[in-house]
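1. coordinates only, no sequence provided:
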């Protein structure tokens with residue numbers, strides 16, 4: 001290996017950086033239990049839209065819509081999206097209030113491989129509603145070691 005000035009200047013900084021560690025592979029069930037506080041989740045009121053067949057896992061569009069009037073008495077507090085096979089199970093948690101206007105979330109996520117996605121909505125009455133969707137990924141993203 002040829003030692004250049006750039007290599008010598010970068011070496012002391014590299015020694016101070018912590019070594020990259022493998023992400024904690026917390027299970028999907030643990031992540032859901034943490035989000036809900038152990039409360040039961042019911043099916044319905046949540047619509048998770050994602051293509052069932054994804055060609056490229058690097059930028060997968062998803063939308064989550066929750067049926068609620070978004071009034072002070074009945075509104076969405078949080079939406080959480082979770083996955084079962086990425087290095088980290090928590091994809092996104094978004095906060096809402098009656099002033100949000102709509103109970104709707106749209107974003108792009110990365111998927112390591114074919115897996116299940118779960119969207120969970122926490123309502124103002126403390127109930128949790130969920131939908132699970134299986135997604136097949138042909139070109140994976142965010143693979144570790």
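-> Good, I have the coordinates. Bear in mind that the values here come from a model prediction, so they are computed numbers and not experimental data.
2. can you pull out the strands in this structure?
-> 41-43, 46-49, 53-54, 60-66, 76-83, 90-95, 104-109, 115-123, 128-137 (DSSP state E).
3. ends of stretch 100-112, how far apart?
-> 31 Å (C-alpha to C-alpha, to the nearest Å).
4. gap between that stretch and the chain center?
-> Centroid displacement of stretch 100-112 relative to its chain, using C-alpha atoms, centre = their mean, to the nearest Å, is 9 Å.
5. so for it, what's the average pLDDT?
-> Summarised as a single mean, pLDDT over stretch 100-112 is 95.
6. pipe the strands of the chain into a markdown table and attach mean neighbour count and distance to residue 31 per row.
-> Bear in mind the C-beta positions are built from the backbone N, C-alpha and C, glycine included. Shown next, in a markdown table, are those (neighbours: other C-beta atoms under 10 Å; distance: least, C-beta to C-beta, whole Å):
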| stretch | mean neighbour count | distance to residue 31 |
| --- | --- | --- |
| strand 41-43 | 13 | 12 |
| strand 46-49 | 18 | 16 |
| strand 53-54 | 14 | 21 |
| strand 60-66 | 19 | 16 |
| strand 76-83 | 21 | 5 |
| strand 90-95 | 14 | 6 |
| strand 104-109 | 14 | 14 |
| strand 115-123 | 22 | 9 |
| strand 128-137 | 18 | 12 |
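7. mind checking how far the residue nearest to residue 84 when sequence neighbours are not counted is from residue 71?
-> Counting by C-beta to C-beta, 6 or more residues apart in numbering, residue 28 is the residue found nearest to residue 84 once chain neighbours are left out, at 4.1 Å. As judged by C-beta to C-beta, to the nearest Å, residue 28 and residue 71 stand 32 Å apart.
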